[in-house]
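> need a structure here:
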Amino acid sequence: MAHLIRDKKKLLNRLARIKGQINAIERAIEQGEDSCEPVLQRIAACRGAMNGLMAQVIEGHVRSHLLDPHTKPTSHQAEAAQELLDVIHTYLK
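The predicted model follows:
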């Protein structure tokens, strides 16, 4: 939880951007957008933004809860954590 408090401003900024993207999708549909392409692009952008948010929260969780924040991780622990985060970032792209 500490990482959520520490990163609160960044997370809230991300959420504000995501809200804006969702609102843009809603407006496009309400206004009867002629073409599907702009709506699909907005949906893809929103999905990417949500994935970025998920990656940021997972990274904070790994670094704050899986690795002991009070001790320096061993090189093996740090390497394993980084490998996990790299896989998660790749998956969420």
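> only C-alpha atoms from now on, for both contacts and neighbour counts.
Fine.
> what helix or strand is E59 on?
helix 36-61 (DSSP states H and E).
> show me what contacts V62?
Shown in contact with V62 (CA atoms under 8 Å, 6 or more residues apart in numbering): A81.
> what's the pLDDT at the most far-flung residue of the chain relative to its centre?
Distance from the C-alpha centroid of the chain peaks at D34, with 30.6 Å (CA atoms, centre = their mean). Looking at D34, its pLDDT is 84.
> then the one 4 residues further on?
Model confidence at P38, given as pLDDT, is 91.
> what's the spacing between it and A44?
For P38, the distance to A44 equals 10 Å [CA to CA, to the nearest Å].
> which residues do the two both contact?
With CA under 8 Å, 6+ apart, P38 and A44 have no common neighbours.
> which residues touch stretch 36-54?
Identification of contacts with stretch 36-54 by CA under 8 Å, 6+ apart yields 11, 14-15, 18, 21-22, 24-25, 28-29, 33, 92-93.
> from the chain's centroid, how far away is the helix or strand of the chain with the lowest mean pLDDT?
Least confident helix or strand of the chain, by mean pLDDT, DSSP states H and E, is helix 2-6 with a mean of 84. A distance of 15 Å separates the centroid of the chain from that of helix 2-6, by CA atoms, centre = their mean, to the nearest Å.
> this completes my enquiry, with thanks.
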